[in-house]
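Undergrad: Predicted model and sequence below, questions to follow.
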Amino acid sequence: MTDGYRKRFVVTTMALLGAVLFTGFALLDVFMIVNEYRGLENTMRQVVAPWNDPAGNGRGLTDAEPPSKPDGSLAEPSAGEDPPPKPSGETDAPADPGRDPRRAGDYVIVAVFCDLADGGITLLTESESIGEDTVKEVVPILLEADGGFGRLRDKGLIYYIDREGDVCRIALTESSAFTANALKNTAAMILVYLGSMAVLFPVCLRLSAVAAKPMEKAIDMERQFVANISHDLKTPITVILANNSILKSNSGSTVAEQSQWIESTDAAAKNMMDAVGEMLTLSALESQEQTVTPVRTDLSSAAEKSALQLESIAFDRRITVDTEIEKGVFVLATKEYAERVCSSLLENALKYEPDGGSVFVGLRREKKKAVLTVRNPGSVIDADDLPRVFDRFYRADKARGSRGGHGLGLPIVKQIAGLIGATVGVRSDAASGTEFTVEFEPAKKA
């Protein structure tokens, strides 16, 4: 049962985490691609922004050639004329037709100057992939655009156009570099996503084991309860059936002659009623609708009454009940629950104390608490069973002995204590035996 629960837990958790992580990484990937795109736009804007009149600094591609010397070489800037400024980080390069393109990371950017007045096109820089032929082909298309940043998908180019009157400055770069960077970012995100899922999978397995522990514990307790209650009910039922068989076989006998079998049947029926009553009581206490309003209750009187009622049981087994009950200890509880806690703990102590032993019942005031103590030195609860003595339906033979009971008395005490705001604890060792303590909230003086 728990294996199926764990599988569903892992599948559901991994699906939810996977969806959340996938969405997060997808959004991050989109953000990085958009950021890369905007960064390229800014870079290309900076590339074309400094360029003014390109005369003497580029290679003309139309009939409107830049001025040249008689020997055919490109004209130098006139005396006193400053050369065009260059983007940050660039060094001076010779003004020749083979001028290197500008580089920005993985991008190779080509700059083109267009004079719209005379139709002159000057290639300021060029690259192996974006040469004269490509520029001549795309510039007329770009001049029809309004300007700004965009892509020519069919040409595999990204462009930036800066128009200023009759001057148009164009930056070109291959879109394949942008696509490659986008694919690298996406691949990195996918690897990180898969790695995250691989790390989270064993974590989910571990969490499923932790989440299944309460269920496993509840199932174990239920199985223990079914085994115990089946035994507890089977025995009296067997006795009742046997007694009825005897009564039927001696139908001619008088009631007085059959009294032992009738009394035995009554005792067996009473035992079953006690078991059913405890189950109903625990069910009512654990109901979410169960509410209790604690009132000022005389705990001293409840403890003394419980000790007096169980004195006959102690006498039959030669057990001495020693009491140190402080007078006038009032707590927040109810009379019924206060007496039930006292009698249940004392009955439990008498049940597991060996014949001829002793049981101690104490009640004292402390600074902010009223403490009830019930101790039987003749029995010890195993350390493995000690944390579970208040669990529903739990009854370990080592902890509860073999003197009967249904494994519900202490869980009832625990539930009652929780309802009235008290706390119950237990300790057990070979030196002092087993001691139960209940700390009550003291009531204000009337």
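TA: Received it, and whenever you're ready, just let me know what you need.
Undergrad: need the helices for the stretch 251-400 of the chain, in chain order.
TA: 259-286, 299-309, 311-316, 335-352, 397-400 (DSSP state H, counting those that start in this stretch).
Undergrad: Flag every buried residue along the fourth one.
TA: Within helix 335-352, the residues that qualify as buried are 337-352, counting by 16 or more other C-beta atoms under 10 Å. (C-beta placed from N, C-alpha, C; glycine too.)
Undergrad: try the first one
TA: Taking 16+ other C-beta under 10 Å as the basis for neighbour counts, the residues of helix 259-286 that come out buried are 261, 264-265, 268, 271-272, 274-275, 278-279, 281-282, 285.
Undergrad: In this protein, where is pLDDT below threshold?
TA: 1, 50-102, 225, 228, 232, 286-290, 392-407, 446 (pLDDT under 70).
Undergrad: show me the biggest helix of it in terms of residues.
TA: Assignment by DSSP state H gives helix 175-249 as the longest helix of the chain.
Undergrad: give me phi/psi at residue 171?
TA: Per-residue torsions, residue 171: phi -120, psi 130 (degrees, to the nearest 10).
Undergrad: returning to that earlier point: mind putting the helices of the stretch 251-400 of the chain in a markdown table, distance to residue 359 included?
TA: Shown next, in a markdown table, are those (distance: least, C-beta to C-beta, whole Å):
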| stretch | distance to residue 359 |
| --- | --- |
| helix 259-286 | 21 |
| helix 299-309 | 9 |
| helix 311-316 | 7 |
| helix 335-352 | 5 |
| helix 397-400 | 16 |
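Undergrad: State the distance from residue 197 to residue 24.
TA: From residue 197 across to residue 24, the span is 12 Å (C-beta to C-beta, to the nearest Å).
Undergrad: Check which residues of stretch 173-187 are buried.
TA: Neighbour count says stretch 173-187 has 173, 174, 175, 177, 178, 181, 182, 185, 186 buried, by 16+ other C-beta under 10 Å.
Undergrad: no, scratch that, I was asking about stretch 411-425
TA: Neighbour counts over stretch 411-425 (16+ other C-beta under 10 Å) mark 411, 412, 413, 414, 415, 416, 417, 419, 420, 422, 424 as buried.
Undergrad: Strands - which of the residues you listed land there?
TA: When the buried residues of stretch 411-425 are checked against strands (DSSP state E), the matches are residue 424.
Undergrad: from the buried residues of stretch 411-425, which single one is nearest residue 308?
TA: Using C-beta to C-beta, residue 413 comes nearest to residue 308 of those, at 19.6 Å.
Undergrad: Quick check: phi and psi at residue 428.
TA: Phi and psi for residue 428, reported as degrees, to the nearest 10, are phi -150, psi 130.
Undergrad: follow-up on the earlier one: so which of the helices of the stretch 251-400 of the chain is nearest residue 29?
TA: Of the helices of the stretch 251-400 of the chain, nearest to residue 29 by C-beta to C-beta is helix 259-286, at 51.4 Å.
Undergrad: what angle do that closest one and helix 175-249 make?
TA: 160 degrees (axes from the mean of the first three to the mean of the last three C-alpha atoms, to 10 degrees).
Undergrad: tell me how far helix 259-286 is from the chain's mean position?
TA: Remark: helix 259-286 is offset 45 Å from the chain centroid, using C-alpha atoms, centre = their mean, to the nearest Å.
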